[in-house]
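Participant: pasting the sequence and the predicted coordinates here, then a few questions.
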Amino acid sequence: GDEYTTTGKVIKGYVLVRVEGEAKGKIGKDGSTVTYVYKPLGLWIPNIPGQPTNPIKYPNDPQDPTKPGTEKPKVPYVPGFTPKDKGGNPLKPVNPNNPEEGYEVPNIPANPGEDTPINYVANKANLVVKYVDENGKDLAPSETTEGKVGDEYTTTGKVIKGYVLVRVEGEAKGKIGKDGSTVTYVYKPLGSWIPNIPGQPTNPIKYPNDPKDPTKPGTEKPKVPYVPGFIPKDKDGNPLKPVNPNNPEEGYEVPNIPTNPGEDTPINYVANKA
């Protein structure tokens, strides 16, 4: 018959869901039992691609075991990603002027035993591929591909008539960075065979491109003309070979392209000795 009053207690990580028995009353003839039944509090669960993360337990209310607390932890800033709630809404940064300080977690749901996923979504980012000469002048239109941070990409240089690829600035193959990625293919002009015929204007002959490999010249060999009374010679003074040894009037084979394909090759026509 003694009167009694009981209360549930705050148990870390749990929320009180019901009471079995009388929380307040009089002790019965066989005694009385009061059972406070709890369930686990839910979690904020950050999902960051390629990065293991620990769930964050909802806080307890320090005085009321039937509800979660109001304390709001933060989730981290991840370069190139935006954390979003289960409805796809971006979370608010703790400091709008500096997102690197982290983001506010979403509100705890009406059912405090339900988990709250926080999905980190890759930001949109562009891959830009440029083709320029050594002065930065565009030789071909740049190519922009829309993607997301972390997308894998592979680029290749292209064959540009009259030019040879000398270097790549940036990663030719990789993943798009948090601010996007730029790959720049840098070229220099191919050299020329330069016939020097006394008293006769001539046009230089550009070295050919390799049809598939932009880093080297082609193997095609044009010919230079026969000029009566003159022998064409390479830069070392060696006579060029006629295309047809039986008929030099068909012209001469040009010398080999030098190791540095940007270097010109003079072809000097030297007068025959009388």
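Facilitator: It's in. Residues are numbered from 1 along each chain as shown.

Participant: before we move on, what's the pLDDT of the spatially most central residue of the chain?
Facilitator: By C-alpha atoms, centre = their mean, the mean C-alpha position of the chain lies nearest to Ile176, the distance being 1.1 Å. On pLDDT, Ile176 comes in at 95.

Participant: right, and it touches Thr154 too?
Facilitator: No - between Ile176 and Thr154 there is no contact under C-beta atoms under 8 Å: 11.8 Å. C-beta: built from backbone N, CA, C; applies to glycine.

Participant: now stretch 267-274: buried residues?
Facilitator: Ile267, Asn268, Tyr269 (16 or more other C-beta atoms under 10 Å).

Participant: name the residues that touch that stretch?
Facilitator: 193-198, 224, 227, 229-235, 240, 254-255 (C-beta atoms under 8 Å, 6 or more residues apart in numbering).

Participant: low-confidence ranges, the stretch 1-150 of the chain, go.
Facilitator: Residue ranges of the stretch 1-150 of the chain with pLDDT under 70: none are present.

Participant: hey, where'd the strands end up in it?
Facilitator: 3-5, 14-20, 24-26, 35-40, 43-47, 56-57, 74-75, 81-84, 103-104, 116-122, 124-133, 138-148 (DSSP state E, counting those that start in this stretch).

Participant: so which of the ones you listed gets nearest Gly170?
Facilitator: strand 124-133 (8.9 Å; C-beta to C-beta).

Participant: just checking, what packs against the closest one?
Facilitator: Secondary-structure packing of strand 124-133 (3 or more C-beta pairs under 8 Å, 6 or more residues apart in numbering; DSSP states H and E): strand 138-148, strand 181-189.

Participant: how about the following helix or strand past the shortest one: buried residues?
Facilitator: Think strand 181-189. On the C-terminal side of strand 181-189, the nearest following helix or strand under DSSP states H and E is strand 192-196. For strand 192-196, burial by neighbour count (16+ other C-beta under 10 Å) applies to Ser192, Trp193, Pro195.

Participant: all good on my end, thank you.
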